[in-house]
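>>> Sharing a sequence plus its predicted fold:
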Protein chains: 2
Amino acid sequence: MTRYKAVIQYDGSDFLGYQIQATGRTVQEEIQKALTKMHKGQKTVVNASGRTDTGVHAKGQVIHWDSPFSIPVEGYYRGLETLTPDDIAIVSVEEVAADFHARYDVSGKEYRYFVKRSPQHDPFSRHYALRYPFDLDESLMNQAARILEGEHDFTSFCSARTDRESKVRNLYAIKIMPTEDGWIFSFSGSGFLYNMVRILVGALLYVGQKKLTPAEIKVALDKKDRTALVSRTAPPQALYLWEVFYEKDNKK
Amino acid sequence: MTRYKAVIQYDGSDFLGYQIQATGRTVQEEIQKALTKMHKGQKTVVNASGRTDTGVHAKGQVIHWDSPFSIPVEGYYRGLETLTPDDIAIVSVEEVAADFHARYDVSGKEYRYFVKRSPQHDPFSRHYALRYPFDLDESLMNQAARILEGEHDFTSFCSARTDRESKVRNLYAIKIMPTEDGWIFSFSGSGFLYNMVRILVGALLYVGQKKLTPAEIKVALDKKDRTALVSRTAPPQALYLWEVFYEKDNKK
C-alpha cells in the first residue's frame, strides 16, 4: 500500500458540501468515484483535512488515500484531472509516509472570506463573495480582531449544534485586507469549530457597521454562550478553505 | 403608453441564451415575467439590442418595453431587481422617447472576451474565462487585428447558418489588453454577425500561437467563405456583451 496526499480546489456552488451524503452531489464522492475507476473498480476511501459546507469553496483542501497500485504521482494528477468534473481541480499529488493523515496531522488552517462593497447586486460574484452595501470601519473591526485572536473558548462563536467537547481553539491571526472593491477577511488558527468563521465574519461586519462595539465582542466571548451574540452568521458562498498546514515532515 | 429603457447585466451560465424559447430558462422570459407581474398580469414584451447565446454573459445589455402604467423609474428599478432571479441585475432604468428602439437604434456594440493564461484548470473561472495553456504572441495578434479592423464582408468570420443578406460590417477597433493572468480581447463595431466574435477570437488565438499568419487571415477575409478559415470558434462562456451604443438622443 502506498499513501498519497493531494491538494485540491473546488468551486462549492454546485456541491452539497465536501462530505459524502446519502443523496446529493459531494466533492468526496466525485473524487472517490475517480479513484475507484483508476483502481480498477476497487472502492477507495478518501480522507480530507475536514469537511466544508454546502456552497463553501476550497483553494487548498488536502486529502489522502491509500493505493494498492504503484501509480506515479503524475499519473494520479492526470487521471484525477480527467476523471473529476470541471468544478474540481487537482493542484498537486505526492507520495507520503504511511502514517500521514490529512485530518489528524493538521497543525493549522487558513480560511478567507470575501466581501464586496457595492450598493448594486452583481450577478458575477454572487457565488463567490458577499455583497455588502454598507461602509465598514476598519479600525473598529481591527480592534475586535485583536480581542478574538489567541487561545479562547469559542462557544459563543460556533454553532450550538456542535457536539465537540472542548470549544477551545487558538486563533493565530485575523487579517482584514482591503481590496479594490471590498475586503478579504483571513483567519488562521489551530482549528475551527462548526460555522465559526462565518459567525466571526458576521460579528466583525456588525462591528464595522457600528451595530456592535469591540467591547461587546469581548463580553460575548467571555460569556461562552452562543446566544450572547446578536450578529448574524455570514452566508457560506463567500467562504474559502484557503490553506491547510502540516508541521510534521510527511516525506516518504 | 410610456417607453422605458433599461441597462441590464446577466451571468449567462444558467441561461439558454437571452431570447425566449419554447422550453428552457432565458433572460427575456425572466424579465417579461417580472414586468408582467408589475403590470398586474398584463403581458409585457421586452425588446433587446440583440440576442446572446447560451452561456454568453452581458455587462451592458439594453432592453426597452412599453407600459400603460406611470411607474416611476425608481419603482421599475426596485421591482425588477426584486422580481428577477439573482443572475440578472438591473443597472439603470430611464424613460425614453416613444420611438426609441433597443435594437433598431443601435449605433454600435462592444464585446469582450476573457482569456486566462494557465497550465492548470481553474474551477473558479470556468464559466467566465477561456483557459488557454499556451503563450500568445501579442505582436502577431495585433498585426492580424489591424487587418480585420474596418469595413469588410465578414462571410469568412460568421456562422454559415447566418441567413442575413449582407455580411458587411464595420469593425471599429480590436484591442488586445494584457491582464495580470491573461488577455482581454475587445471588439467594437457597428454590428456583429452570428458567432462572429467567437470566430474572430478563435482566429486571433491561432495567430498568437503561430498556427496561422496575419497574411493567412487576410487571405481568409478576402475569400468571403466560411470554410476558408481553419481555426476553431472560441467557446461561449468567456464572451461578454460589454456595452451597446446609441447615437440618437433618446431623451423623452
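Everything's here; your move.
>>> The stretch 1-150 of chain A against chain B: which residues are in contact?
Neighbours of chain B within the stretch 1-150 of chain A, by CB under 8 Å from any CB of the partner chain: A:9-11, A:57, A:81, A:86-89, A:91, A:120-124, A:126, A:128. For every residue, glycine as well, the C-beta is placed using N, CA and C.
>>> Mark which of the residues you listed are buried, thanks.
Buried by 16 or more other CB atoms under 10 Å in any protein chain shown: A:9-11, A:57, A:87-89, A:121-124, A:126, A:128, out of these.
>>> In strands, which of those residues fall?
Assignment to strands by DSSP state E places the following of these there: A:9, A:10, A:57, A:88, A:89.
>>> Might you report the residue contacts of the residue in the stretch 101-250 of chain A that chain B sits nearest to?
Residue of the stretch 101-250 of chain A nearest chain B, by CB to the nearest CB: residue A:123 (4.1 Å). By CB atoms under 8 Å, 6 or more residues apart in numbering or on different chains, residue A:123 lies in contact with B:9, B:10, B:11, B:86, B:87, B:88, B:89.
>>> Using pLDDT, spot the least trustworthy of the buried ones among the residues of the stretch 1-150 of chain A next to chain B.
Across the set of those, residue A:121 stands lowest in pLDDT, at 91.
>>> Report back the residue of chain A that's furthest from centre.
Distance to the chain centre peaks in chain A at residue A:40, reaching 31.8 Å (criterion: CA atoms, centre = their mean).
>>> if I look at the closest residue to that residue other than its chain neighbours, how far off is residue A:4?
Of all residues not flanking residue A:40 in the chain, residue A:69 sits nearest, at 8.0 Å (CB to CB, 6 or more residues apart in numbering or on different chains). Distance, residue A:69 to residue A:4, using CB to CB, to the nearest Å: 10 Å.
>>> Neighbour count for the two, which is higher?
Counting neighbours by other CB atoms under 10 Å in any protein chain shown for residue A:69 and for residue A:4 shows that residue A:4 has the greater number, 21 against 12.
>>> Let me see the contact set for residue A:31.
A:8, A:46, A:63, A:80, A:84, A:88.
>>> can you pull the contacts of the second one?
If you count contacts by CB under 8 Å, 6+ apart, residue A:46 has them with A:28, A:31, A:32, A:35, A:63, A:64, A:65.
>>> and with 10 Å instead?
A:4, A:6, A:8, A:18, A:20, A:27-32, A:34-35, A:63-66, A:102 (CB atoms under 10 Å, 6 or more residues apart in numbering or on different chains).
>>> Local confidence estimate at the nearest residue to residue A:50 once chain neighbours are set aside?
Counting by CB to CB, 6+ apart, residue A:50 lies nearest to residue A:103, which is 6.2 Å off, once chain neighbours are set aside. In this model, residue A:103 is scored at 96, pLDDT.
>>> Next up, the contacts around residue A:103.
Residues near residue A:103 by CB under 10 Å, 6+ apart: A:47, A:48, A:49, A:50, A:51, A:62, A:63, A:64, A:244.
>>> ok, so of those, who is nearest chain B?
Using CB to the nearest CB, residue A:63 is the member of the contacts of residue A:103 that lies nearest chain B, at 15.2 Å.
>>> what helix or strand does the closest one sit in?
Element membership for residue A:63, per DSSP states H and E: strand A:57-67.
>>> Just name whatever secondary elements the helix or strand following that strand is in contact with.
Where DSSP H and E defines the elements, the next helix or strand beyond strand A:57-67 is helix A:73-83. Counting contacts by 3 or more CB pairs under 10 Å, 6 or more residues apart in numbering or on different chains; DSSP states H and E, helix A:73-83 is packed against strand A:2-10, helix A:27-38, strand A:88-96.
>>> and residue A:148, which of these is closest to it?
Among those, the nearest to residue A:148 by CB to CB is strand A:2-10 (27.6 Å).
>>> The closest one vs helix A:73-83, what angle?
On the basis of axes from the mean of the first three to the mean of the last three CA atoms, to 10 degrees, strand A:2-10 is oriented at 40 degrees to helix A:73-83.
>>> tilt between strand A:2-10 and helix A:27-38?
Angle between the axes of strand A:2-10 and helix A:27-38 is 130 degrees (criterion: the same axes, to 10 degrees).
>>> domain ranges for chain A?
Chain A resolves into domains spanning A:2-104, A:108-243 when parsed by automatic domain parsing.
>>> Serialize those to CSV and add fields for distance to residue B:155.
CSV is the format used below for the domains of chain A (distance: least, CB to CB, whole Å):
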stretch, distance to residue B:155
domain A:2-104, 34
domain A:108-243, 34
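>>> Go through those domains and name the closest to residue B:154.
Across these, closest to residue B:154 is domain A:108-243 (CB to CB), at 29.2 Å.
>>> For the closest one, measure first residue to last.
9 Å (CA to CA, to the nearest Å).
>>> what stretches of the stretch 151-252 of chain A score poorly on pLDDT?
Regions of the stretch 151-252 of chain A meeting the criterion pLDDT under 70 cover residues A:162, A:164, A:249-252.
>>> got the residues of it near chain B?
residue A:240 (CB under 10 Å from any CB of the partner chain).
>>> what are the ranges of the strands in the stretch 151-252 of chain A?
A:168-179, A:182-189, A:239-246 (DSSP state E, counting those that start in this stretch).
>>> Export the ones you listed to a markdown table and append columns for distance to residue A:198.
Listed next are the strands of the stretch 151-252 of chain A as a markdown table, based on distance: least, CB to CB, whole Å:
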| stretch | distance to residue A:198 |
| --- | --- |
| strand A:168-179 | 14 |
| strand A:182-189 | 10 |
| strand A:239-246 | 6 |
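>>> export those strands to a markdown table and tack on mean neighbour count?
Below are the strands of the stretch 151-252 of chain A laid out as a markdown table (neighbours: other CB atoms under 10 Å in any protein chain shown):
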| stretch | mean neighbour count |
| --- | --- |
| strand A:168-179 | 15 |
| strand A:182-189 | 21 |
| strand A:239-246 | 21 |
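>>> between the ones you listed, which gets nearest to residue B:138?
strand A:168-179 (27.8 Å).
>>> for the closest one, packing partners?
Here strand A:168-179 touches strand A:106-117, helix A:138-148, strand A:150-153, strand A:182-189, helix A:196-208, going by 3+ CB pairs under 10 Å, 6+ apart.
>>> Can you tell me which of those is most buried?
Of all the helices and strands packed on strand A:168-179, helix A:196-208 has the most neighbours on average by mean count of other CB atoms under 10 Å in any protein chain shown, namely a mean of 25.
>>> returning to what we had before: is it fair to say the residue farthest from the centre of chain A lies in a helix?
No - using DSSP: H, G, I helix; E, B strand; the rest coil, the assignment for residue A:40 is coil, not a helix.
>>> so it touches residue A:67, yeah?
No - assessed by CB atoms under 10 Å, residue A:40 is found out of contact with residue A:67, at 11.0 Å.
>>> Now do the strand holding residue A:63: distance to the chain's middle.
12 Å (CA atoms, centre = their mean, to the nearest Å).
>>> okay, that strand in CSV with CA atoms only?
Only the C-alpha atoms of strand A:57-67 are listed here, as CSV (Å, rounded to 0.1, in the frame of the first residue of the first chain):
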residue,chain,number,x,y,z
HIS,A,57,-15.2,26.8,-1.7
ALA,A,58,-11.7,25.4,-1.3
LYS,A,59,-8.4,26.8,-2.8
GLY,A,60,-6.2,24.4,-0.8
GLN,A,61,-8.2,21.4,0.6
VAL,A,62,-5.9,18.4,1.5
ILE,A,63,-6.9,14.8,1.1
HIS,A,64,-5.1,11.4,1.4
TRP,A,65,-5.8,7.9,0.2
ASP,A,66,-4.1,4.5,0.1
SER,A,67,-3.4,2.7,-3.1
